[in-house]
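A.B. asks: only geometry, no sequence info:
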(Lines give C-alpha, C1' and ligand atoms only; values in the text may rest on other atoms or scores of the structure.)
Protein backbone atom coordinates (compact mmCIF):
# COMPACT_ATOMS: atom_id res chain seq x y z
CA UNK A 1 0.00 0.00 0.00
CA UNK A 2 1.42 3.35 -1.04
CA UNK A 3 1.59 5.92 1.74
CA UNK A 4 1.12 9.59 0.86
CA UNK A 5 2.56 12.07 3.33
CA UNK A 6 0.74 15.38 2.93
CA UNK A 7 2.60 18.50 4.11
CA UNK A 8 0.88 21.87 4.34
CA UNK A 9 2.30 25.29 3.52
CA UNK A 10 2.59 28.64 5.26
CA UNK A 11 -0.02 30.08 7.57
CA UNK A 12 -2.09 26.90 7.91
CA UNK A 13 -3.39 26.17 11.41
CA UNK A 14 -6.13 24.03 12.90
CA UNK A 15 -8.97 23.57 12.22
CA UNK A 16 -8.00 24.61 8.69
CA UNK A 17 -5.38 21.90 8.33
CA UNK A 18 -7.80 19.06 9.06
CA UNK A 19 -10.18 20.40 6.44
CA UNK A 20 -7.32 20.75 3.94
CA UNK A 21 -5.97 17.27 4.61
CA UNK A 22 -9.47 15.84 4.29
CA UNK A 23 -9.96 17.55 0.94
CA UNK A 24 -6.62 16.20 -0.30
CA UNK A 25 -7.41 12.69 0.88
CA UNK A 26 -10.79 12.71 -0.83
CA UNK A 27 -9.33 14.09 -4.06
CA UNK A 28 -6.56 11.54 -4.39
CA UNK A 29 -8.42 8.44 -3.17
CA UNK A 30 -11.26 9.16 -5.58
CA UNK A 31 -8.83 8.43 -8.40
CA UNK A 32 -6.97 5.55 -6.78
CA UNK A 33 -8.12 3.32 -3.97
CA UNK A 34 -5.91 1.60 -1.43
CA UNK A 35 -3.83 4.68 -0.61
CA UNK A 36 -2.84 5.58 2.93
CA UNK A 37 -2.83 9.36 3.44
CA UNK A 38 -0.61 10.48 6.35
CA UNK A 39 -0.88 14.17 7.24
CA UNK A 40 2.15 16.03 8.60
CA UNK A 41 0.90 19.03 10.56
CA UNK A 42 3.91 21.11 11.54
CA UNK A 43 2.13 24.43 12.01
CA UNK A 44 0.99 23.73 15.56
CA UNK A 45 4.38 22.94 17.11
CA UNK A 46 6.74 24.72 14.72
CA UNK A 47 4.72 27.51 13.13
CA UNK A 48 5.38 31.16 13.91
CA UNK A 49 3.47 32.93 16.68
CA UNK A 50 3.62 36.33 18.37
CA UNK A 51 5.02 34.90 21.58
CA UNK A 52 4.74 38.16 23.54
CA UNK A 53 1.23 38.93 22.40
CA UNK A 54 2.24 41.47 19.75
CA UNK A 55 4.57 43.60 21.88
CA UNK A 56 6.68 44.30 18.77
CA UNK A 57 3.84 46.10 16.97
CA UNK A 58 3.85 49.91 16.92
CA UNK A 59 0.81 51.62 18.45
CA UNK A 60 -2.18 52.14 16.23
CA UNK A 61 -3.40 55.40 14.74
CA UNK A 62 -4.41 57.97 17.33
CA UNK A 63 -2.08 56.65 20.06
CA UNK A 64 1.15 58.42 19.01
CA UNK A 65 2.13 61.17 21.43
CA UNK A 66 4.85 63.81 21.51
CA UNK A 67 6.88 65.43 18.72
CA UNK A 68 6.50 62.46 16.37
CA UNK A 69 2.70 62.65 16.38
CA UNK A 70 1.52 63.45 12.84
CA UNK A 71 -0.80 66.29 11.98
CA UNK A 72 -3.99 64.41 11.17
CA UNK A 73 -4.83 66.87 8.43
CA UNK A 74 -1.40 66.97 6.83
CA UNK A 75 -0.66 63.31 6.10
CA UNK A 76 -0.99 62.85 2.36
CA UNK A 77 1.03 59.62 2.21
CA UNK A 78 -1.89 57.62 0.82
CA UNK A 79 -2.50 60.27 -1.83
CA UNK A 80 1.08 60.08 -3.03
CA UNK A 81 0.76 56.29 -3.07
CA UNK A 82 -2.17 56.69 -5.46
CA UNK A 83 -0.09 59.01 -7.65
CA UNK A 84 2.86 56.59 -7.72
CA UNK A 85 0.45 53.98 -9.06
CA UNK A 86 -0.99 56.41 -11.64
CA UNK A 87 0.86 59.74 -11.86
CA UNK A 88 -1.89 61.16 -14.09
CA UNK A 89 -4.66 60.31 -11.60
CA UNK A 90 -5.11 63.82 -10.20
CA UNK A 91 -5.16 65.45 -13.62
CA UNK A 92 -7.58 62.80 -14.86
CA UNK A 93 -9.91 63.49 -11.95
CA UNK A 94 -9.78 67.19 -12.72
CA UNK A 95 -10.41 66.54 -16.40
CA UNK A 96 -13.42 64.39 -15.53
CA UNK A 97 -15.00 67.38 -13.82
CA UNK A 98 -14.28 69.83 -16.61
CA UNK A 99 -17.19 71.69 -18.23
CA UNK A 100 -18.24 70.75 -21.71
CA UNK A 101 -15.75 72.02 -24.28
CA UNK A 102 -16.91 75.03 -26.27
CA UNK A 103 -15.39 76.81 -29.21
CA UNK A 104 -13.05 79.61 -28.16
CA UNK A 105 -13.77 83.14 -29.35
CA UNK A 106 -11.44 84.60 -32.02
CA UNK A 107 -8.05 85.53 -30.57
CA UNK A 108 -8.54 83.61 -27.32
CA UNK A 109 -5.78 81.20 -26.28
CA UNK A 110 -6.42 77.71 -24.90
CA UNK A 111 -6.05 77.73 -21.09
CA UNK A 112 -3.37 75.02 -21.24
CA UNK A 113 -1.16 76.80 -23.79
CA UNK A 114 1.12 78.53 -21.28
CA UNK A 115 1.48 75.39 -19.18
CA UNK A 116 2.49 73.35 -22.22
CA UNK A 117 5.11 75.96 -23.09
CA UNK A 118 6.48 75.88 -19.54
CA UNK A 119 6.58 72.08 -19.61
CA UNK A 120 8.53 72.16 -22.87
CA UNK A 121 10.99 74.62 -21.32
CA UNK A 122 11.31 72.41 -18.25
CA UNK A 123 12.00 69.38 -20.43
CA UNK A 124 14.76 71.32 -22.18
CA UNK A 125 16.53 71.82 -18.82
CA UNK A 126 17.00 68.08 -18.43
CA UNK A 127 16.66 66.22 -15.13
CA UNK A 128 18.42 68.90 -13.08
CA UNK A 129 15.34 70.48 -11.45
CA UNK A 130 14.52 67.11 -9.86
CA UNK A 131 18.08 65.97 -9.31
CA UNK A 132 17.41 64.94 -5.69
CA UNK A 133 14.90 62.35 -6.88
CA UNK A 134 16.76 60.80 -9.77
CA UNK A 135 16.44 60.65 -13.56
CA UNK A 136 13.27 60.92 -15.58
CA UNK A 137 12.02 64.50 -15.24
CA UNK A 138 12.90 65.65 -18.76
CA UNK A 139 11.10 62.78 -20.40
CA UNK A 140 8.09 63.11 -18.11
CA UNK A 141 7.81 66.83 -18.84
CA UNK A 142 8.11 66.31 -22.58
CA UNK A 143 5.44 63.60 -22.55
CA UNK A 144 3.08 65.68 -20.44
CA UNK A 145 3.56 68.75 -22.64
CA UNK A 146 2.00 66.81 -25.51
CA UNK A 147 -0.64 65.00 -23.47
CA UNK A 148 -4.29 65.65 -24.43
CA UNK A 149 -5.37 65.37 -20.79
CA UNK A 150 -4.01 68.84 -20.01
CA UNK A 151 -6.65 70.65 -22.03
CA UNK A 152 -9.57 69.24 -20.02
CA UNK A 153 -7.71 69.61 -16.71
CA UNK A 154 -6.93 73.24 -17.51
CA UNK A 155 -10.62 73.89 -18.13
CA UNK A 156 -11.44 72.55 -14.66
CA UNK A 157 -8.67 73.94 -12.43
CA UNK A 158 -7.49 77.44 -11.63
CA UNK A 159 -4.04 78.15 -13.14
CA UNK A 160 -2.21 77.89 -9.79
CA UNK A 161 -3.93 74.62 -8.90
CA UNK A 162 -3.23 73.27 -12.39
CA UNK A 163 0.46 74.10 -12.05
CA UNK A 164 0.66 72.36 -8.68
CA UNK A 165 -1.24 69.28 -9.86
CA UNK A 166 1.04 69.09 -12.91
CA UNK A 167 4.11 69.37 -10.67
CA UNK A 168 2.86 66.51 -8.55
CA UNK A 169 2.26 64.46 -11.69
CA UNK A 170 5.87 64.99 -12.78
CA UNK A 171 7.23 64.28 -9.31
CA UNK A 172 5.20 61.09 -9.01
CA UNK A 173 6.46 59.90 -12.40
CA UNK A 174 10.08 60.30 -11.34
CA UNK A 175 9.55 58.53 -8.01
CA UNK A 176 7.50 55.77 -9.67
CA UNK A 177 10.42 55.24 -12.06
CA UNK A 178 12.68 54.66 -9.05
CA UNK A 179 10.24 52.16 -7.58
CA UNK A 180 9.89 50.29 -10.88
CA UNK A 181 13.66 49.99 -11.21
CA UNK A 182 14.06 48.66 -7.63
CA UNK A 183 16.39 51.55 -6.87
CA UNK A 184 18.14 51.04 -3.51
CA UNK A 185 17.45 54.63 -2.42
CA UNK A 186 14.12 56.46 -2.49
CA UNK A 187 14.01 60.08 -1.18
CA UNK A 188 11.97 60.92 1.90
CA UNK A 189 8.72 62.83 1.62
CA UNK A 190 10.28 66.19 2.56
CA UNK A 191 12.65 65.98 -0.42
CA UNK A 192 9.83 64.93 -2.72
CA UNK A 193 7.68 67.84 -1.52
CA UNK A 194 10.53 70.31 -2.03
CA UNK A 195 10.96 69.13 -5.63
CA UNK A 196 7.20 69.30 -6.23
CA UNK A 197 7.16 72.86 -4.91
CA UNK A 198 10.06 73.92 -7.08
CA UNK A 199 8.45 72.40 -10.15
CA UNK A 200 5.12 74.07 -9.37
CA UNK A 201 6.84 77.46 -9.24
CA UNK A 202 8.58 76.75 -12.53
CA UNK A 203 5.19 75.95 -14.03
CA UNK A 204 3.66 79.25 -12.92
CA UNK A 205 2.37 78.74 -9.37
CA UNK A 206 3.36 81.29 -6.70
CA UNK A 207 6.04 80.16 -4.28
CA UNK A 208 4.58 79.01 -0.97
CA UNK A 209 7.26 76.90 0.71
CA UNK A 210 7.94 73.21 0.31
CA UNK A 211 4.61 71.87 1.60
CA UNK A 212 2.42 71.12 -1.38
CA UNK A 213 0.19 68.29 -0.28
CA UNK A 214 -2.11 66.50 -2.65
CA UNK A 215 -5.31 68.53 -2.34
CA UNK A 216 -7.57 66.53 -4.64
CA UNK A 217 -10.68 65.75 -2.64
CA UNK A 218 -11.43 62.81 -4.91
CA UNK A 219 -8.01 61.30 -4.30
CA UNK A 220 -8.41 61.75 -0.57
CA UNK A 221 -11.79 60.05 -0.60
CA UNK A 222 -10.34 57.12 -2.49
CA UNK A 223 -7.09 56.66 -0.57
CA UNK A 224 -6.84 58.41 2.78
CA UNK A 225 -9.75 56.63 4.43
CA UNK A 226 -8.35 53.27 3.37
CA UNK A 227 -4.88 54.22 4.61
CA UNK A 228 -6.19 55.33 8.01
CA UNK A 229 -8.16 52.10 8.32
CA UNK A 230 -5.04 50.06 7.62
CA UNK A 231 -3.09 51.93 10.31
CA UNK A 232 -5.90 51.51 12.83
CA UNK A 233 -6.16 47.81 12.03
CA UNK A 234 -2.42 47.11 11.94
CA UNK A 235 -2.52 44.68 14.86
CA UNK A 236 -5.41 42.75 13.37
CA UNK A 237 -3.81 42.72 9.94
CA UNK A 238 -0.46 41.60 11.33
CA UNK A 239 -2.03 38.86 13.41
CA UNK A 240 -3.91 37.65 10.35
CA UNK A 241 -0.96 37.82 7.95
CA UNK A 242 2.06 37.10 10.13
CA UNK A 243 1.81 33.28 10.24
CA UNK A 244 2.56 33.01 6.52
CA UNK A 245 5.59 35.31 6.50
CA UNK A 246 6.62 34.27 9.99
CA UNK A 247 6.53 30.57 9.11
CA UNK A 248 9.01 31.11 6.29
CA UNK A 249 11.37 33.20 8.43
CA UNK A 250 11.18 30.79 11.34
CA UNK A 251 11.82 27.77 9.14
CA UNK A 252 14.82 29.35 7.41
CA UNK A 253 16.36 30.25 10.77
CA UNK A 254 15.24 27.29 12.93
CA UNK A 255 14.09 24.57 10.56
CA UNK A 256 15.79 21.49 11.96
CA UNK A 257 12.96 20.67 14.37
CA UNK A 258 10.47 20.61 11.48
CA UNK A 259 12.74 18.34 9.42
CA UNK A 260 13.34 16.07 12.42
CA UNK A 261 9.61 15.64 12.88
CA UNK A 262 9.21 14.70 9.23
CA UNK A 263 12.10 12.21 9.38
CA UNK A 264 10.52 10.54 12.40
CA UNK A 265 7.19 10.28 10.61
CA UNK A 266 8.76 8.82 7.47
CA UNK A 267 10.85 6.31 9.43
CA UNK A 268 7.69 4.65 10.66
CA UNK A 269 6.18 4.11 7.22
CA UNK A 270 6.54 1.05 5.01
CA UNK A 271 7.59 1.68 1.40
CA UNK A 272 6.60 2.85 -1.07
CA UNK A 273 6.09 6.38 0.23
CA UNK A 274 5.29 9.54 -1.70
CA UNK A 275 5.48 13.04 -0.25
CA UNK A 276 3.01 15.66 -1.48
CA UNK A 277 3.83 19.14 -0.21
CA UNK A 278 2.48 22.64 -0.76
CA UNK A 279 4.40 25.93 -0.72
CA UNK A 280 6.78 26.00 2.28
CA UNK A 281 5.96 22.34 2.79
CA UNK A 282 7.82 21.63 -0.44
CA UNK A 283 10.91 23.37 0.92
CA UNK A 284 10.70 21.36 4.12
CA UNK A 285 10.32 18.12 2.19
CA UNK A 286 13.15 18.82 -0.25
CA UNK A 287 15.55 19.88 2.50
CA UNK A 288 14.76 16.73 4.46
CA UNK A 289 15.32 14.48 1.45
CA UNK A 290 18.56 16.23 0.46
CA UNK A 291 20.03 16.05 3.96
CA UNK A 292 18.94 12.50 4.79
CA UNK A 293 18.76 9.49 2.45
CA UNK A 294 15.27 8.04 2.88
CA UNK A 295 15.01 5.09 0.45
CA UNK A 296 11.39 4.38 1.34
CA UNK A 297 10.41 7.68 -0.31
CA UNK A 298 9.98 7.02 -4.04
CA UNK A 299 8.33 10.27 -5.17
CA UNK A 300 8.36 13.93 -4.16
CA UNK A 301 5.48 16.12 -5.34
CA UNK A 302 5.61 19.87 -4.74
CA UNK A 303 2.83 22.31 -5.57
CA UNK A 304 3.31 26.08 -5.59
CA UNK A 305 6.76 25.66 -4.08
CA UNK A 306 9.52 28.23 -3.70
CA UNK A 307 12.23 25.58 -3.29
CA UNK A 308 13.74 26.10 -6.78
CA UNK A 309 13.90 29.87 -6.22
CA UNK A 310 15.58 29.49 -2.83
CA UNK A 311 18.12 27.11 -4.35
CA UNK A 312 18.96 29.43 -7.24
CA UNK A 313 19.21 32.46 -4.94
CA UNK A 314 21.49 30.65 -2.49
CA UNK A 315 18.86 30.54 0.28
CA UNK A 316 17.90 26.85 0.39
CA UNK A 317 19.22 25.51 3.72
CA UNK A 318 20.19 22.07 2.42
CA UNK A 319 21.82 22.77 -0.94
CA UNK A 320 23.73 25.70 -2.36
CA UNK A 321 23.77 26.50 -6.06
CA UNK A 322 25.38 25.13 -8.24
CA UNK A 323 25.67 21.87 -6.29
CA UNK A 324 23.65 19.12 -8.01
CA UNK A 325 20.69 17.35 -6.49
CA UNK A 326 22.05 14.31 -4.61
CA UNK A 327 21.43 10.96 -6.29
CA UNK A 328 19.40 9.66 -3.33
CA UNK A 329 16.67 12.30 -3.81
CA UNK A 330 13.69 10.54 -5.46
CA UNK A 331 11.82 11.54 -8.61
CA UNK A 332 10.43 15.05 -8.25
CA UNK A 333 7.15 16.23 -9.76
CA UNK A 334 6.83 20.01 -9.46
CA UNK A 335 3.33 21.38 -10.09
CA UNK A 336 3.00 25.10 -10.75
CA UNK A 337 0.27 27.50 -11.80
CA UNK A 338 1.48 30.20 -14.22
CA UNK A 339 -0.70 32.69 -12.32
CA UNK A 340 0.72 31.69 -8.94
CA UNK A 341 3.54 34.13 -8.31
CA UNK A 342 4.84 31.92 -5.50
CA UNK A 343 5.43 28.89 -7.73
CA UNK A 344 8.77 28.25 -9.42
CA UNK A 345 10.40 25.85 -11.89
CA UNK A 346 13.04 23.24 -11.10
CA UNK A 347 13.79 21.44 -14.39
CA UNK A 348 16.23 24.07 -15.62
CA UNK A 349 18.14 23.92 -12.34
CA UNK A 350 18.21 20.12 -12.02
CA UNK A 351 18.14 18.73 -15.58
CA UNK A 352 16.65 15.28 -15.80
CA UNK A 353 15.71 15.24 -12.11
CA UNK A 354 12.59 17.41 -11.98
CA UNK A 355 9.40 17.33 -14.05
CA UNK A 356 7.69 20.74 -14.09
CA UNK A 357 3.99 20.45 -14.92
CA UNK A 358 1.68 23.46 -15.31
CA UNK A 359 -1.82 23.34 -13.84
CA UNK A 360 -4.33 26.12 -14.45
CA UNK A 361 -6.81 27.00 -11.70
CA UNK A 362 -8.11 30.01 -13.67
CA UNK A 363 -7.72 32.05 -10.50
CA UNK A 364 -5.72 35.27 -10.14
CA UNK A 365 -2.92 35.63 -7.62
CA UNK A 366 -2.99 35.20 -4.65
CA UNK A 367 -6.03 32.94 -4.96
CA UNK A 368 -4.08 30.78 -7.42
CA UNK A 369 -1.61 29.85 -4.67
CA UNK A 370 -4.37 28.22 -2.63
CA UNK A 371 -6.35 26.62 -5.46
CA UNK A 372 -4.21 23.53 -6.10
CA UNK A 373 -6.22 21.18 -3.90
CA UNK A 374 -9.54 21.95 -5.56
CA UNK A 375 -8.10 21.41 -9.04
CA UNK A 376 -8.80 17.95 -10.54
CA UNK A 377 -5.72 18.32 -12.77
CA UNK A 378 -3.50 18.27 -9.70
CA UNK A 379 -4.81 14.93 -8.45
CA UNK A 380 -4.63 13.39 -11.91
CA UNK A 381 -0.95 14.31 -12.29
CA UNK A 382 -0.14 13.00 -8.81
CA UNK A 383 -1.93 9.67 -9.22
CA UNK A 384 -0.35 9.06 -12.64
CA UNK A 385 3.11 9.10 -11.03
CA UNK A 386 2.47 7.31 -7.75
CA UNK A 387 4.58 4.19 -7.10
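C.D. replies: Arrived safely, thanks for sending. Bear in mind that the values here come from a model prediction, so they are computed numbers and not experimental data.

A.B. asks: What are the boundaries of the strands in the stretch 151-300 of the chain?
C.D. replies: For the stretch 151-300 of the chain, the strands defined by DSSP state E, counting those that start in this stretch occupy 273-278, 297-303.

A.B. asks: and the longest one, which strands flank it?
C.D. replies: What it means is strand 297-303. According to DSSP bridges, strand 297-303 forms sheet pairs with strand 273-278 (parallel), strand 331-336 (parallel).

A.B. asks: Name the residues that touch it?
C.D. replies: 266, 271-279, 281-282, 285-286, 289, 329-336, 343, 359, 372, 378, 382, 385-387 (Cβ atoms under 8 Å, 6 or more residues apart in numbering). (Each C-beta comes from the backbone N, C-alpha and C, glycine too.)

A.B. asks: Now that we have those residues, which of them are buried?
C.D. replies: Buried members of these, counted by 16 or more other Cβ atoms under 10 Å: 266, 272-279, 281-282, 285-286, 289, 329-330, 332-336, 343, 359, 372, 378, 382, 386.

A.B. asks: if I pick residue 35, what's in contact with it?
C.D. replies: So residue 35 contacts 1, 2, 3, 4, 28, 29, 386 (Cβ under 8 Å, 6+ apart).

A.B. asks: just these now: which is nearest residue 250?
C.D. replies: When those are ranked by distance to residue 250 (Cβ to Cβ), residue 4 comes first, at 25.8 Å.

A.B. asks: Quick one: list the elements packing against the host helix or strand of that closest one.
C.D. replies: Per DSSP states H and E: residue 4 is located in strand 3-7. The elements that strand 3-7 packs onto, with contact taken as 3 or more Cβ pairs under 8 Å, 6 or more residues apart in numbering; DSSP states H and E, are helix 16-29, strand 36-40, helix 256-267, strand 273-278, helix 280-291.

A.B. asks: In a markdown table, list these along with distance to residue 301.
C.D. replies: A markdown table is the format used below for the helices and strands packed on strand 3-7 (distance: least, Cβ to Cβ, whole Å):
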| stretch | distance to residue 301 |
| --- | --- |
| helix 16-29 | 10 |
| strand 36-40 | 13 |
| helix 256-267 | 15 |
| strand 273-278 | 4 |
| helix 280-291 | 8 |
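
A.B. asks: To residue 55, which of these lies closest?
C.D. replies: Nearest of the helices and strands packed on strand 3-7 (Cβ to Cβ): helix 256-267, 23.9 Å.

A.B. asks: on that earlier part again, just put the strands of the stretch 151-300 of the chain in CSV and tack on mean pLDDT and distance to residue 157.
C.D. replies: Output for the strands of the stretch 151-300 of the chain, formatted as CSV (pLDDT from 0 to 100; distance: least, Cβ to Cβ, whole Å):
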stretch, mean pLDDT, distance to residue 157
strand 273-278, 98, 52
strand 297-303, 98, 52
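
A.B. asks: Take those strands and lay them out in a markdown table including distance to residue 35.
C.D. replies: Output for the strands of the stretch 151-300 of the chain, formatted as a markdown table (distance: least, Cβ to Cβ, whole Å):
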| stretch | distance to residue 35 |
| --- | --- |
| strand 273-278 | 9 |
| strand 297-303 | 12 |
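
A.B. asks: So residue 171 is in contact with residue 198, correct?
C.D. replies: No. Contact between residue 171 and residue 198 fails when scored by Cβ atoms under 8 Å: they sit 9.6 Å apart.

A.B. asks: Tell me where the stretch 101-250 of the chain has helices.
C.D. replies: Using DSSP state H, counting those that start in this stretch, the helices assigned to the stretch 101-250 of the chain run over residues 113-124, 137-145, 149-156, 159-180, 189-202, 217-232, 234-254.

A.B. asks: Of all those helices, which one is nearest residue 320?
C.D. replies: Closest to residue 320 of those, according to Cβ to Cβ: helix 234-254, at 13.6 Å.

A.B. asks: for the chain, what helix or strand is lowest in average pLDDT?
C.D. replies: When the helices and strands of the chain are scored by mean pLDDT, DSSP states H and E, helix 217-232 comes last with a mean of 44.

A.B. asks: who touches stretch 176-191?
C.D. replies: 77, 80, 84, 85, 87, 132, 133, 134, 135, 136, 175, 210.

A.B. asks: From those, pick the one nearest residue 166.
C.D. replies: The closest of the contacts of stretch 176-191 to residue 166 turns out to be residue 87 (Cβ to Cβ; 10.3 Å).

A.B. asks: May I have the predicted confidence score for the nearest residue to residue 205 once chain neighbours are set aside?
C.D. replies: Leaving out its chain neighbours, the residue that sits closest to residue 205 by Cβ to Cβ, 6 or more residues apart in numbering is residue 163, at 3.8 Å. With respect to pLDDT, residue 163 scores 92.

A.B. asks: tell me the contacts of residue 163?
C.D. replies: Residues counted as contacts of residue 163 (Cβ under 8 Å, 6+ apart) are 115, 118, 200, 203, 204, 205.

A.B. asks: I'd like to know how far the first one sits from residue 79.
C.D. replies: Computed as Cβ to Cβ, to the nearest Å, the residue 115 to residue 79 distance reads 21 Å.

A.B. asks: now do residue 310
C.D. replies: As judged by Cβ to Cβ, residue 310 and residue 79 stand 37 Å apart.

A.B. asks: ok so, going back, quick one: buried ones out of the contacts of stretch 176-191?
C.D. replies: Among these, the ones that count as buried by 16+ other Cβ under 10 Å are 80, 84, 87, 133, 134, 135, 136, 175.
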